[in-house]
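Enquirer: here is the input, now give the coordinates:
(6 chains)
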Number of protein chains: 4
Amino acid sequence: MNRPRRTDPGRRERILDAVLDLIARDGSAGATYRSVAEASDVPMGSMTYHFPTRDDMLLAAFERLADQMHGRFDEIMAEPLDGEDPRERVVQLIVTQGAGYGRDMVLSAELYALAVRDERYRVLIQSWMERSRASLRRHFPAEAAPVIDALQEGLVLHSHISTEPFDVDRVRGAVYRLIEPTAVSHAEVPAEEAR
Amino acid sequence: MNRPRRTDPGRRERILDAVLDLIARDGSAGATYRSVAEASDVPMGSMTYHFPTRDDMLLAAFERLADQMHGRFDEIMAEPLDGEDPRERVVQLIVTQGAGYGRDMVLSAELYALAVRDERYRVLIQSWMERSRASLRRHFPAEAAPVIDALQEGLVLHSHISTEPFDVDRVRGAVYRLIEPTAVSHAEVPAEEAR
Amino acid sequence: MNRPRRTDPGRRERILDAVLDLIARDGSAGATYRSVAEASDVPMGSMTYHFPTRDDMLLAAFERLADQMHGRFDEIMAEPLDGEDPRERVVQLIVTQGAGYGRDMVLSAELYALAVRDERYRVLIQSWMERSRASLRRHFPAEAAPVIDALQEGLVLHSHISTEPFDVDRVRGAVYRLIEPTAVSHAEVPAEEAR
Amino acid sequence: MNRPRRTDPGRRERILDAVLDLIARDGSAGATYRSVAEASDVPMGSMTYHFPTRDDMLLAAFERLADQMHGRFDEIMAEPLDGEDPRERVVQLIVTQGAGYGRDMVLSAELYALAVRDERYRVLIQSWMERSRASLRRHFPAEAAPVIDALQEGLVLHSHISTEPFDVDRVRGAVYRLIEPTAVSHAEVPAEEAR
DNA sequence: GATGAATGAGCTTTCATTCAT
DNA sequence: CATGAATGAAAGCTCATTCAT
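Expert: Have a look, this model is predicted:
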């Protein structure tokens, strides 16, 4: 009834999280000004103050998603190897994403659906991909990155569609075959092909 | 003005093609009863006669898409090898789809976005994937199929997002590395590693 | 609550009358889908079925107005003269409109405001004016019509703005001076300058 | 980016001119606080400081319009006659306004539409009309003014609606017939019916 | 079987206005 | 004095779906 809430720090972030939750549950179409306003406890009339159009809101939400996902990606890639085969990190990445609840997967799928038809979302993915590749280049040669990316994308996507149990060994097999074992990080000792 | 259209054979197919065209252009949300009716020259009131709910209509359209796309996939895979390395077919597949106009890609992306949240679409993709794998098994061992699938998916998807030119040699490199050269078709002569 | 109203003849006319009433009271901006729906007892969701856009609705309403007003205009002009000076009819017209409640005046003013910026309304007025002039030509030469029209318009408009009482004699003076007494109807006897 | 604008003289006038421009283009409804603020480069939050309600703003803008238009009117009327028939001035007035771009006409039409329903705008027009008549009385008897006014109004209005080319001679004919040639200015020599 | 008419629900967006600073 | 942030109210319009014919 009587919430002045003249200042509400973090409101923007709260809105964007609500947007992502709703998209994860109901698809992009489900993130309406109404549903988002309710989910984030912001008056509907205020939504357009923060995001003039619904599309601005979606785009901002996906930018946030890209940041968050890259953060998790980079965390895994940044950890020191300690003699471990760097390819194991890629396996871990794929397995983590493939086995997870799938919020990220659902959101990525929506993002791709938007991106194939809309330049703005395409640019967003491009810059995200570029950041991922930069992370990969810590351990792998530049040419390998796009292919690793693609394999990861395809495996994770299919893992969420398929009924078959996720097969870690198959993933490992594919990753190891795809990436040259000599393709070690510039700073790491190759080690004895750990694991 | 005065179209009796007492019998209208092919109406169902015309509707579904219109649905796919509209989804390709505007996303799933763009295929409304209204827009589809107009695009396929069918009275709006008749739409629910043919497809009781909008979702039935979308699902039927994607079934049609799966059939069409599998047809093209299988055509490429079915052609006799004549001593050619079967992996070259996979390369051809990826290149064809990756370089194409993208209608299929756009539609696939929409389908995946639906599938990750809706069982019915997931089942549709599963059966489609199963058919693809059956086609792949003509030339490759069963275990290889899912990985080939995944790589293909990822490469094609990224090719439609990326600004970089499509690199055939990189695709070939990945495919050849991923699939054992000994994994020849049961009926074919290995040949001299053509190309 | 439970009004099936599957068939509702005259609904279109009822809507348009409500539109005109609302415009007369609140201006064009006051005839919203909402207000009109309520005033004409039609579900709001049905409004766009009958008039796809609000502008279509307004235009149709003003077409109805033009018909109604021309009907009244023509009635006065059509009555046989019986030896009366035809110019007296023009005086009568102006006085009737100028002294009236002003619904017509208010509506005309709104129509003009739309017409000066929108071709469609301009065309509507043009055809209305042409019909008026056809009526005038029964009694006056073709060249006189536009000027009579204009004088009438100006006098009626100002009568609704001015605080001064409406002066019939001044109107008569202006009309008689403006129109040649010899400009009699083709079928009438000039008579002795009646009145 | 960083406009201090500590003092901004002429802001009020700039705002009102923007209001009039917007009304001319989009009608009264088009002059919103937002659109006006943008067009006049004034912060939106400041609009209500200068004009507490939107209606205050519109009224002030039309007051400005009345001043401007009367200024132009009076200029034409004030010029010494040098033996010219004063009625020629009226012709000139009508022709000038009728042939012009129509900004004034559009604005007048909007003003009338407001005036027929709102006392405040009616009062504004009344005082404007009174000033016009005062100007007319320099050359014509008091009784003639209202009729000249009305004819002018009607002719100009119709000229902006009609598709026919503006006919100067018809205007002159009407003006000369409507106004007694003896109705000369108190200070002028009648002259030989100059043309 | 096929469809024109109809509608409840909900959508995105605009807007006048308020008010703490 | 001036203004950025905010919001309740309402606007035009779309749409999936129903149903009498």
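Enquirer: residue A:107: neighbour count?
Expert: 23 (other CB atoms under 10 Å in any protein chain shown). C-betas here are computed from N, CA, C, even on glycine.
Enquirer: wait, residue A:174 touches residue A:155, no?
Expert: Yes. In this structure, residue A:174 is within contact of residue A:155 by CB atoms under 8 Å, at 7.3 Å.
Enquirer: what is in contact with these two at once?
Expert: B:147, B:150 (CB atoms under 8 Å, 6 or more residues apart in numbering or on different chains).
Enquirer: what angle do the helix or strand harbouring residue A:153 and helix B:144-161 make?
Expert: Per DSSP states H and E, residue A:153 falls inside helix A:144-161. Helix A:144-161 runs at 120 degrees relative to helix B:144-161, counting by axes from the mean of the first three to the mean of the last three CA atoms, to 10 degrees.
Enquirer: quick check: end-to-end length of stretch A:26-44?
Expert: Its first and final residues considered, stretch A:26-44 spans 19 Å by CA to CA, to the nearest Å.
Enquirer: show me which residues of it are buried.
Expert: A:27, A:28, A:30, A:31, A:32, A:33, A:35, A:36, A:37, A:39, A:40, A:42 (16 or more other CB atoms under 10 Å in any protein chain shown).
Enquirer: my read is that the last one contacts residue A:11, right?
Expert: In other words, residue A:42. Yes. Taking CB under 8 Å as the definition, residue A:42 is a contact partner of residue A:11 at 6.3 Å.
Enquirer: identify the contacts common to the two.
Expert: residue A:50.
Enquirer: list the contacts of the helix or strand of chain A with the lowest mean pLDDT.
Expert: Lowest by mean pLDDT, DSSP states H and E among the helices and strands of chain A is helix A:87-99, with a mean of 90. For helix A:87-99, the external contacting residues (CB under 8 Å, 6+ apart) are A:73, A:76-77, A:79, A:81, A:104-105, A:136, A:139, A:148, A:151-152, A:155-156, A:159-160, A:166, A:168, A:171-172, A:175-176, A:179, A:181, A:194-195.
Enquirer: again with stretch A:121-141
Expert: For stretch A:121-141, the external contacting residues (CB under 8 Å, 6+ apart) are A:59, A:62-63, A:66, A:69-70, A:73-74, A:77-78, A:81, A:86, A:89-90, A:111-112, A:114-116, A:142, A:144-146, A:148-149, A:179, A:183-185, A:188, B:158, B:161-163.
Enquirer: what mean pLDDT does that stretch get?
Expert: On average, the pLDDT along stretch A:121-141 is 94.
Enquirer: likewise stretch A:53-70?
Expert: 97.
Enquirer: contacts for it next, please.
Expert: Contacts of stretch A:53-70 (CB under 8 Å, 6+ apart): A:13, A:15-17, A:19-20, A:23, A:28, A:31-33, A:36, A:47, A:50-51, A:104, A:107-108, A:111, A:114, A:120-121, A:124-125, A:127-128, A:131-132, A:135.
Enquirer: what about it, near DNA strand E?
Expert: Yes. Using CB under 7 Å from any atom of the strand, stretch A:53-70 reaches DNA strand E at A:53, A:54, A:55.
Enquirer: tell me the secondary structure at the last one.
Expert: By that I understand residue A:55. What DSSP: H, G, I helix; E, B strand; the rest coil gives for residue A:55 is helix.
Enquirer: residues near it, how many?
Expert: The burial count for residue A:55: 14, using other CB under 10 Å.
Enquirer: what's the answer for the first one, then?
Expert: The burial count assigned to residue A:53 is 10, neighbours taken as other CB under 10 Å.
Enquirer: could you do residue A:129 as well?
Expert: 19.
Enquirer: on that earlier part again, restrict the contacts of stretch A:53-70 to contacts with DNA strand E.
Expert: Answer for the contacts of stretch A:53-70 near DNA strand E (CB under 7 Å from any atom of the strand): A:32, A:33, A:47.
Enquirer: for the last one, grab phi and psi.
Expert: Reported as degrees, to the nearest 10, the phi and psi values for residue A:47 are phi -60, psi -50.
Enquirer: contacting residues for it?
Expert: With CB under 8 Å, 6+ apart, residue A:47 has these contacts: A:15, A:33, A:36, A:37, A:57.
Enquirer: ok, now the first one?
Expert: Residues in contact with residue A:32 (CB under 8 Å, 6+ apart) are residue A:54.
Enquirer: how many residues are close by the residue of chain A at minimum distance from DNA strand F?
Expert: Nearest residue of chain A to DNA strand F: residue A:45, at 2.1 Å (CB to the nearest atom of the strand). Number of residues near residue A:45 (other CB under 10 Å) recorded here: 9.
Enquirer: need the contact list for it.
Expert: Per CB under 8 Å, 6+ apart, neighbours of residue A:45: none.
Enquirer: quick check: it vs DNA strand E, distance?
Expert: 5 Å (CB to the nearest atom of the strand, to the nearest Å).
Enquirer: quick one on the thing from earlier: whichever of the contacts of helix A:87-99 end up buried, select them in PyMOL.
Expert: In PyMOL, this line selects whichever of those come out buried by 16+ other CB under 10 Å:
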select buried, chain A and resi 73+77+81+104+105+136+139+148+151+152+155+156+159+160+166+171+172+175+176+179
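Enquirer: so which of the contacts of helix A:87-99 reach DNA strand F?
Expert: Answer for the contacts of helix A:87-99 near DNA strand F: none qualify (CB under 7 Å from any atom of the strand).
Enquirer: mind listing which of the contacts of helix A:87-99 are in helices?
Expert: Of these, the ones assigned to helices by DSSP state H are A:73, A:76-77, A:104-105, A:136, A:148, A:151-152, A:155-156, A:159-160, A:168, A:171-172, A:175-176.
Enquirer: before I go, just wanted to say thanks for your time.
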